[in-house]
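Colleague: build me a structure from this.
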Amino acid sequence: MRNAVRERALRLLAQREHTRQELSTRLAASAESAELLEALLDELTASGLLADARYAAARFHARSTRLGDARLAYELRSKGVSVELISATLANGEDELTRARRVWQRRFGSQPTVAGDTAGRARQIRFLAGRGFSAETIRRLLRTTLEDD
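Modeller: Next up, the predicted model:
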């Protein structure tokens with residue numbers, strides 16, 4: 001039975017990166033005991049097949065083109081990545097303002113911001129906030145786009 005759980009873990013890891021918590025949850029039903037499951041996860045971690053840092057970097061790379069730091073941090077936290085690792089991953093990535101500008105331009109680039117258009121500005125703020133960009137980043141982005149016009 002232990003080999004079956006190990007094989008399932010390896011199949012899951014071959015498909016994509018997983019966090020330790022995520023893999024533990026997926027394998028818990030088929031494991032003989034919690035101790036054996038923890039031993040297997042320790043073995044996979046020691047051999048380098050399971051790494052939360054690698055998962056966090058891959059997830060950041062895949063989702064950072066569309067999402068802000070708050071949303072990325074939430075997603076990583078929900079998968080069991082430690083706060084320290086999340087902070088390090090976000091610090092090593094591209095600046096949030098740069099990513100926000102790219103997302104904003106993709107969505108609103110052809111629509112210049114008019115100083116008196118509060119409804120349009122509110123729509124842009126809601127869009128960026130929904131993507132997880134911080135209020136300060138949104139404020140800085142929209143201030144610079146208003147000044148550019």
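
Colleague: show the pLDDT at Ile138.
Modeller: Ile138 is assigned a pLDDT of 94 by the prediction.

Colleague: which outside residues touch the one helix or strand it maps to?
Modeller: Taking DSSP states H and E as the criterion, Ile138 maps to helix 135-148. Outside of helix 135-148, the residues that reach it under the criterion CB atoms under 8 Å, 6 or more residues apart in numbering are 68, 96-97, 100-101, 104, 113, 115, 121, 124-125, 128-129, 133. Glycine gets a C-beta too; all of them are placed from N, C-alpha and C.

Colleague: next, the buried residues of that helix.
Modeller: Buried residues in helix 135-148, counted by 16 or more other CB atoms under 10 Å: Thr137, Ile138, Leu141, Leu142, Thr145.

Colleague: swap in stretch 123-137?
Modeller: Quick answer for stretch 123-137 (16+ other CB under 10 Å): Gln124, Ile125, Leu128, Ala129, Arg131, Gly132, Phe133, Ser134, Thr137.

Colleague: relative to Glu43, which of those residues is nearest.
Modeller: Taking CB to CB as the measure, Glu43 lies nearest Gly132 of those, at 35.3 Å.

Colleague: now that closest one: how far from Leu76?
Modeller: Look at Gly132 and Leu76: by CB to CB, to the nearest Å, they are 12 Å apart.

Colleague: for this structure, identify the residue most remote from the centre.
Modeller: Relative to the centre of the chain, the most outlying C-alpha is that of Gly116, 35.1 Å out, by CA atoms, centre = their mean.

Colleague: run the chain-centre distance for the helix or strand of the chain with the lowest mean pLDDT.
Modeller: For the chain, the helix or strand with the lowest mean confidence is helix 135-148, at a mean of 81 (criterion: mean pLDDT, DSSP states H and E). How far helix 135-148 lies from its chain's middle: 23 Å, per CA atoms, centre = their mean, to the nearest Å.

Colleague: how about JSON lines for the buried residues of stretch 123-137, with secondary structure and distance to Phe60 added?
Modeller: What follows is those, written out as JSON lines (DSSP: H, G, I helix; E, B strand; the rest coil; distance: CB to CB, whole Å):
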{"residue": "Gln124", "secondary structure": "helix", "distance to Phe60": "24"}
{"residue": "Ile125", "secondary structure": "helix", "distance to Phe60": "24"}
{"residue": "Leu128", "secondary structure": "helix", "distance to Phe60": "18"}
{"residue": "Ala129", "secondary structure": "helix", "distance to Phe60": "20"}
{"residue": "Arg131", "secondary structure": "coil", "distance to Phe60": "15"}
{"residue": "Gly132", "secondary structure": "coil", "distance to Phe60": "12"}
{"residue": "Phe133", "secondary structure": "coil", "distance to Phe60": "15"}
{"residue": "Ser134", "secondary structure": "coil", "distance to Phe60": "16"}
{"residue": "Thr137", "secondary structure": "helix", "distance to Phe60": "16"}
